[in-house]
Each structure stands twice: as C-alpha cells, then as structure tokens.
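Enquirer: would you be able to build a 3D model of this:
(4 chains)
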Amino acid sequence: MSLSELLYMLVYVVGVMAFVGLNAAYLVLAERKGAGRFQRRPGPTEVGYAGWLQPIADGVKLLCKQLIVPTGADATVFRLAPLLVLIPSMMCLAVISFSETLYGRNINVGLVFVFAFGAINVMAIMLSGWASRNKYAIISAARVVSQDVAYEIPMLLVVITLLMVTGTMNLREIVDQQAGWFWHWNLFRLDVNPLMPVTFIIFFTCMLAETNRSPFDMAEAESELVAGAFTEYAGMGFGVFFMAEYANIVVGSAMATVLFLGGWQSPFGIGSGVIWFLLKMYAVVFTVIWVRWTFPRTQFYNLLNLSWKILIPLSLFTLVLTAVMMKVLRA
Amino acid sequence: MANGDTPVIHSLQELADQFNKLIPHETLPAASGTTEPAPTSPVQMEDYAAKGYHLNVCVQPDQVVGAAEILDSHGFALDAVTGMDWIAANEMEVVYDYFHPMNSWRVVIRTRVPRGKPEVPTISKVYPGADWHERETHEFFGIVFLGHPNLTPLLLPEDADYHPLRKDFVA
Amino acid sequence: MSAPEIISTSDTPRETFVLNVGPQHPATHGVLRLKLTMEGEYVVRAEPICGYIHRMHEKMGENRTWAQFLPNTGRIDYLSAMTYNHAYVAAVERAAKIEVPLRAEYIRVITSELNRISSHLVWFGAFLLDLGGFTPLLYAFDDREQILDILEAVSGSRLTYCYYRFGGVCNDVDADFVRGCRNFVARMRPRLKMYKTLVTDNIILRKRLEGIGFINSEMCRKYGATGPVIRGAGVAYDVRKIEPYSIYRDFDFDIPTFPDGDCMARYLVRMEEMAQSLRIIEQAIGRFPDGPTLTHGVPRMLKPPAGDYCFAVEAARGRLLVRIVSDHREIPYRVRLRTPCFSNLSLFEEASAGMILPDALAELGSLDLVIPDIDR
Amino acid sequence: MEPEKVCSQDLSQIIKFAKLDELLDLSRANSLWPLTFGLACCAIEMMAAGASRFDISRFGAEVFRPSPRHADVMIVAGTINKKMAPAVKTLYDQMLEPKWVIAMGNCAISGGPYVFPGQYAVIEGVDKLFPVDVFIPGCPPRPEALIEGILKLEEKLTGKRRWPTVTPQ
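Expert: The predicted structure follows:
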C-alpha cells in the first residue's frame, strides 16, 4: 500500500464516518419534519432557520447527559453493545462504491462482506437487551432474534437470485452491468426474471424488518415494551443506537440502489455520478420513513408467519424461476 | 338466559311474588335514618320516574345470596354495590343495584347490618363482577364480606386500615 | 394466518415471571398498573391494580353542598364530562322534582352527543397509538379541536365542563353555536369515510384486531360491563334506548351492535356510534326550539326531600349510575357513582388469560378506559 | 452558573464568544424531551399540545420518551396520589442529571380541587416530593399555557426569551 493510497483510505474512512454521522443527524430531522408533514404540523421550525439546527441541539444534549450503568447490568457488554451495532454498518459503507471514482475498497466479495456485517447488528441488539437486565429489554431481545433470523433467509435468497443474474459479487461490476438507460437496471431485467419487481419488494420488506423499522418495529415497540432493548441506555448510548438505526437504513437503501436501481448509473445513459446514487438512495430512505408514519404495527406471530410461510417460499420460487430462465436463455 | 327450574318472568310483578316467597313477612324493614316514610312491606314497587328503580326489596343479610341467585337466573346484571353508614341508627346498609340488559327493569336489594359487626355474605360466587365492588365497599366502610376470595383494599394503598367513608372518620 | 391457539392456563408447573406494566406505561394511558404473570410472551394471569389516581370524589360529595359538587362531575371522566354533569344534575332534579325547559333539554342532548364524539375521537387516536400507528392520533385530535371550539364558546372550558345547572344550563346558546354544529356535522361525515378507508380497511389493522380478545355477552352480564363492550358482544343495550331519559325518545337513531365480541367488533361499534351521534345532533339542530334555558326559583341552598334517588345515563364508555341519598339538608348524605370503566376493567383478568402480550394490550385499549373513572 | 449571562458587548458584533456551558444550555433548551407521564385531565391537554394545532414539535419537544432514562423534563400532568407518590419519586430518581420538572395544573402545584379538611389520598403539590422548575396554573391549563411553560423553562436555561412576552393591556 503506497503512502498516497494509505492517505486516501484514511480520508475515505473519516469521510464514511462523517457521512454516517451527518446522515443520522439529518435523517432524524427529515423524519421529524416528514412526520410533521404527514400529520399536518410543521415539525421542528424554531431551532435555526426552519429547524436545521435541531439535530445539532439533540446531539449536543445527548452527549452531555449523565452516563450510568444500571446496577446488576453486565457493565462490559452494556458498554460494548452500542459500538457493536454502529461499527458493522459503517464498515459496510466502506465497501459500497458511491460513484465511478468515489469508492473505498474494491473487493470482489463485496456482497458477502456487506451481508456478513449486516447480520452482526442482530446479535448486538440482543446483547444490549440482555445486558441491561430489564424485563422489557429481555422480551425485546428475544423478539429481535426471532424476527431477524426469520427475515435474514428470504433476503439472502433474493441476493442469490441476483447473484445468478449478475454473475459477480463485486459491487462495482454489478453497477457497471446496469449502465445505459434505466431499463438496463436489474429491476427491469424481466427477460431473465419476470418477477423481478416482486423480488425487489421482498428485499425492501426484509430490509425494513432487519432494521426494526415499522410496521415491523417489534424490538422498539414503544407502546408495549416502553423502549425495547434501549430502555436502560441514556445519553450518548441511546444516541449511538439511534445513529446505528439510521446507518442501517442507509446501508439497506444503498444495497437496494446498488443491486436493483443501478447504483450511480444515470437513468438517461449519460452523466452518471454520485448525484444519482444519493438521489436513488434517499428515495428509498424516504419510502422507509413514509411507511413508518402510515402503518400500525403487525402482530408478532403474523410477522413470523409472513416470513416463514410467504416470503421464503416466494423467494425460493423466484430463485428456481431465474435459474430455469437463465438456462433457457443461455441455451 | 334463565335456567330450567324458574320460569321466565314477563313482568316485575312475578319477580316481586318470587321475592315475597323468599322473605318471611314478619321482618319489617327498619326506617332508614332519614325522615323518609318507612317502607310498608319488604318487597315494594316504586315509581321509576320518581326514584329511578322499579322494585325495592329489603332482605336479611343472609338472604342476599338467595336474592342474587334469583336475579341471576332471570338474566339481571349487577350494577353496583353501595355502602351507607347510618350512624344515627347505628347501622350500616348495603344496597345492591341490578339492571337487565334486555329490558328496562331496575331492582334494588337492601340489607342492614349492625354497625359494630358489619358482616354480609359475598355474592362474588354468583356475580364475579361483585368481587371489586365488595372490595371497594369493604375498604371504604369496613363491611366484611364473608367468603370473599381476596378482601384486600382495591383503591386505597395495600396497607390501609382506615375506612374513609364512615361518618366518624378523621383523616 | 390466524391468531395462535390460546394456551391453556391449567396450573401445570411452569416457569413464569411477573412483568409490571407499571403505573407509568404508554399502553395504560394513565396510571393503571397491570401485574402480568407471564410465561415467555404469553400472559398467564393479568391482575389490574388500580387506585393510583383515587381522588375521593365520593368523600367530597359528603362535605360539599349540592351545587358545589358540580365541578367534580366534570373531573371523574374528563373525556365525556357533559354526560357526567347530566347524570348528577338529573339525579338532583329527580329528587327535588325540578322541571327543565325544552330548550335546555335540547342543548343538553347536543352538547352530550358532541362530547361523545370527542371522547370516541380521543379513544380512536389512543387505540391506534397502542397498535403502533401514530398518525391517526393527530388527525383525530384535529377533528376534536373543532368540537372543543364549539363547546368552549358555550361552556367556557375545553375538557372538564361544568355547564349544566339544576333546572337547565348556565348560559344560552347563540347562532354561532348552531352554525358551528352544522359545519361540524358537514365536515365530520367525509372524515369518518376517510378513517374507514385509511384505517378500518387497513389489512394490518384487521389482522391485529380480528379474532383477538373475545368477550361474550354472558361475561359482560356477569361483570356488569356496558357500553361499547356489551354492544360489541351483540347485546343492543344502551341507556338512551332502554331507560330513555331527557328527550332521547324524540330522536331516531339506532344502536350499532356487532355479534362476534372481539376487538374489531368494539372498534366498529365506536366508529358507528360517532355516525349515530352526528345524526342526533343534526336532528336536534333541525328542530331547535326557543325559550328559557334555566328554570327560575331553584333555591341556591337546595334541600331535596329525604330518600335515595338514582339516575342512569349512557356515557361514552357505558352506563353511568349516580345514586344520591339526601336527608333533607343542603349537604348530600351519600353520593355513589357507578362508573362504566370500573366494571369494564373488572372482566379484563378473565378475558385476557392466555393471550400474547401485544394482544392483551390491544384488548386493554379496546376497552377504552379512563383511569380516574375507575378510581374515582 | 452565574445568574447574569451577558457576554461582553463590544466583541459580540465581531465574533460571538459562547462559553461551553452556554452552548450546552442552548442545545439543552432546544431539545427538551418530555417523559410521557400523564396522570389525569392535564394529560389530555398535554396530548393536545403535542397534536397538530398547538404543536410543541416546533421547539423540538415532541419526542415523548416513555423511558425515564431518555427523558430530560418530567411534565407532571395530573393529581399525585399517596399510593402513586413512591412511583413518582422512583421515576424522578431514574431520570438522568440535567433534568427538570414542570408541574402542570393545579393538582400538581398544590393538590388543586382535591384539598379539603379530612382529605386522605392526595399529595398537596409535587414540590413536596422533588424540586419543581416551572409551575403552570390552570385546571386543566390550556395547551398554549404548556407551551408558555416550556418557553419559560427555556428562558430559565438560556437566560434569553425566545418570543416577546405579550403584556396584557
């Protein structure tokens, strides 16, 4: 690794952390203002011009709260859990390439890397729930494990069908294959998998469930479990969980953009760049926010039935269908 | 909803006759502490527009469960159990209100117990809803409901031993 | 994908733990404490513990004059305070045989029905909050603010009304009130249609409420549960129809009942009741008579004749019975308030055995409880 | 923190010196997260304040946190009962330092309408349990009064009033 490359990597890592930090702050503001718009009220407007200083105020306030570890809680695991939730999502972003020139490491197993680290936040939330020795947190930890295990499988099956279509696991090559007009995107590759939009919807649902976002927010179901796994966390501990939740949404949306919506390719063939990547990603993120403020929470056993009895068979079917179509196409 | 043996009643008068059979006539109800004219007979039809209930029955404390079973068999629902402290007459009164979900009958059962040893058998076996009403009457008046499964204070703190609604209660 | 089979709560030795849905919890909408004996996520036994907001209304009835107790009636169930005013005032009028002019009766019916709609709107918002949907609460409160404007212009307060007096209402109603009611009825009907399409027909909500929390009519009768709980169990019991008081005889409205007795039935009963209340208001506004709104000659220090009198009213949550015992003095001898939420909650222990936690809390929400109504 | 928070006038035109705790107070004042702690009638007015018409989310205060760990300000909205007092005290202790208390409604200020000779169940005022920062009179106080209470708390924190107070003619 030459010095310049090392320097570039250092700057890139700091850039990713800043991206995750700013994203968490301003996605919270977008959520509160968006929720305000859905609910016929203006949302934060008093702090700074039209409320854009609100996340800074929240962040600084959270930073200076008293830090406590509840008695009887497992102190090391209690302090470790928030980091374990945030770091994997940051590392996933290091692999996803934002544009032709702006990318971290171009490794050829990018897909496996992202989903491997994506699975860590399940264990981290469960650890936080268990370590804070609070009955609500334990119930929420048990729920998180069963929910995320149930939704990991259909997500990976969907990724495998895409793997067959793209043939490579290198995220940059996946995006390169989708160059050209927007019908080159994987989402519209109906020739190889006529159910591709259904696959996209399965992926989006699983992403919602993975990040515990409503209507699947079983972990932090505040009307039943007070504040779920983060009940005992305060100040910046809770702030890091909040940031990690939004970082996971960004990673999920980025993966949806890369795999389905053609990464940084522009829909009109020319002028592809970071702008298109961010535009598509924030469109998916807005949908996540929109879904949260419209739907009530599903029942817990319906959530599991939805995954085991509907999503998994459906994604298996699309897997087989793609394999057959690929064979027929190739022959 | 009436069970087999007692015939379904069509009017309150039949119900009043059943109560007359239950209560021996010589137990005339004492006048309540107020200057209201003492009721003439234990089972008395009242004018709904004036009083708010149709049938007013005064029973002995041990006939309370019998009266509750009659009303339960006719499909009545328990409305409320009210305690009253007639300190002038040195007696406590327990009033059971019943209403009927299908038609507009309103029956009131009253009993009187001496203020020194206020004990009434519980009707929570017949009406589970009475469980809470009786706990509340017990904690506010000190009336002991014999056979009640869990006669602990409901609204007052668990260790409350004072009875606030008694006339001689001092905070 | 039906609900899981309710586990039998036979007392086989099992490893249960006690979860405190404590006095401060988002799902209890107040200070009710549920001592849940849980096995995993299933509720083996739910024991409601109340009394955390006991405010001595019955004790205050015995050391206040008849008129001084009026503000208390607005603070027992502050979401349908008009009906509680009505019950107490009508009970004293029945005792002291006070006549109420026709215009005052009309004003009482209109304000009570408006208050019933605003109470159901608060329930609708809070119930959806329990199920995880936050936005309907804001839309319901938006409608409710229209009602509060109308009632505040007339009675002076937004929530804890003290508007009725012995023999009528305290101040007359002007043309703005009548126009406000007409505009509100015209505005609310399409809003109810919107709630039906956006919320009632939402597949997640139907899955969340259908087949959950069965309460049959026999259990309602045994526990004395009334109001939307018994109407959701198929029994058309409504005090306005069965023991008609005031001038409810002159209006035609029907009592919505749904037979299957689950959370969805109680939900639909309340949504339908809002539409019926709109019908009553419309008819009342249509033939609104003139005339006095308060009978004169009611003595300030009222001394009703001795004896005990009771008056039953259909409050938003069920049957409210006020029993007053007077001994011909200006201070009541005993005021007894039979409140609907007390009996509606008493059946929760039996109704929620064996259910999963989210369903038990959804059923608690469907009972529509106001905790100071339970504790008095 | 000295009560008078005036930075030196002459420099403020060129560069704005903000002492650290002044900056912290500013950020704390602008993101007061209330604890969902509705007891009685005032709770409904608190929900109305959080709703669309009297929106307190303009001041960043609409994030009602159920867990005492996350909340900064405890709005005591309703009557404190003797049976409820230990629970309220535990909730106050569970909240984390810089925390404030707003006593909303007469019941929280002084027991309100439930104070009479021979009363046995109501704690006459929350300040008998723990220190209170802002009192909002009314039974129940209007949502605007709650917003005024939050502005008063912000003024207590930052020393500067956000909107000019309306002086009655």
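
Enquirer: residues of the stretch 1-150 of chain C that sit close to chain B?
Expert: C:C50, C:G51, C:H54, C:M56, C:E58, C:K59, C:E62, C:A91, C:R94, C:K97 (CB under 8 Å from any CB of the partner chain). Yep, even glycine has a C-beta here, placed from its N, CA and C like the rest.

Enquirer: can you show me the helices along the stretch 101-250 of chain A?
Expert: Using DSSP state H, counting those that start in this stretch, the helices found in the stretch 101-250 of chain A span residues A:110-118, A:120-131, A:135-166, A:171-177, A:196-210, A:235-260.

Enquirer: tell me what angle the third one forms with helix A:120-131.
Expert: On the basis of axes from the mean of the first three to the mean of the last three CA atoms, to 10 degrees, helix A:135-166 is oriented at 170 degrees to helix A:120-131.

Enquirer: do helix A:135-166 and chain D meet?
Expert: No. Helix A:135-166 is not in contact with chain D by CB under 8 Å from any CB; minimum separation 8.6 Å.

Enquirer: packing partners of that helix?
Expert: Applying 3 or more CB pairs under 8 Å, 6 or more residues apart in numbering or on different chains; DSSP states H and E, we find helix A:135-166 packed against helix A:110-118, helix A:120-131, helix A:171-177, helix A:196-210, helix A:235-260, helix A:300-305, helix A:312-330, strand C:17-21.

Enquirer: show me which positions of the last one end up buried.
Expert: By 16 or more other CB atoms under 10 Å in any protein chain shown, the buried positions in strand C:17-21 come out as C:L19, C:V21.

Enquirer: direction included, what does that strand pair against?
Expert: Paired with strand C:17-21 in the same sheet, following DSSP bridges, are strand C:33-39 (antiparallel).

Enquirer: alpha carbons of the partner strand, as PDB, please.
Expert: In PDB, the C-alpha atoms belonging to strand C:33-39 read as follows (Å, rounded to 0.1, in the frame of the first residue of the first chain):
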ATOM      1  CA  ARG C  33     -50.900  -1.000  36.900                       C
ATOM      2  CA  LEU C  34     -51.100  -4.500  35.400                       C
ATOM      3  CA  LYS C  35     -49.400  -7.200  37.300                       C
ATOM      4  CA  LEU C  36     -48.800  -9.700  34.500                       C
ATOM      5  CA  THR C  37     -47.700 -13.200  35.400                       C
ATOM      6  CA  MET C  38     -46.100 -14.100  32.100                       C
ATOM      7  CA  GLU C  39     -44.700 -17.300  30.600                       C
END
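
Enquirer: show residues contacting that strand.
Expert: C:7, C:14-23, C:28, C:43-50, C:52, C:357, C:360, C:364 (CB atoms under 8 Å, 6 or more residues apart in numbering or on different chains).

Enquirer: mark which of the residues you listed are buried, thanks.
Expert: C:7, C:19, C:21-23, C:28, C:43-46, C:48-50, C:52, C:357, C:360, C:364.

Enquirer: about what we covered before: and the residues of the stretch 1-150 of chain C next to chain B, which of them are buried?
Expert: C:C50, C:G51, C:H54, C:M56, C:E58, C:K59, C:E62, C:A91, C:R94.

Enquirer: where are the low-confidence patches of chain B?
Expert: B:1-10, B:24-40 (pLDDT under 70).

Enquirer: residue of it closest to chain A, please.
Expert: B:E158 (21.7 Å; CB to the nearest CB).

Enquirer: isn't that residue right next to B:E139, touching?
Expert: No. B:E158 is beyond contact range of B:E139, at 10.3 Å (criterion: CB atoms under 8 Å).

Enquirer: tell me the one of the residues of the stretch 1-150 of chain C next to chain B nearest C:F127?
Expert: Nearest to C:F127 out of these is C:C50 (CB to CB; 19.7 Å).

Enquirer: which secondary structure elements does the top helix by length along chain D sit against?
Expert: In chain D, assigned by DSSP state H, the helix with the most residues is helix D:143-158. Secondary-structure packing of helix D:143-158 (3+ CB pairs under 8 Å, 6+ apart): helix D:20-30, helix D:41-50, strand D:73-77, strand D:100-104, strand D:134-136.

Enquirer: state the mean pLDDT of it.
Expert: Here helix D:143-158 scores 91 as its mean pLDDT.

Enquirer: okay, the angle between it and helix D:20-30?
Expert: Using the same axes, to 10 degrees, helix D:143-158 lies at 170 degrees relative to helix D:20-30.

Enquirer: so for helix D:143-158, what gets flagged as buried?
Expert: D:143, D:145-154, D:157-158.

Enquirer: filter the contacts of strand C:33-39 down to the ones in helices?
Expert: C:L357, C:A360, C:L364.

Enquirer: just put those in a markdown table and tack on pLDDT.
Expert: Putting the ones in helices among the contacts of strand C:33-39 into a markdown table (pLDDT from 0 to 100) gives the following:
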| residue | pLDDT |
| --- | --- |
| C:L357 | 89 |
| C:A360 | 91 |
| C:L364 | 92 |
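
Enquirer: compare B:E158 and B:E139 and say which is more crowded by neighbours.
Expert: Taking neighbours as other CB atoms under 10 Å in any protein chain shown, B:E158 and B:E139 compare with B:E139 leading, 23 against 10.
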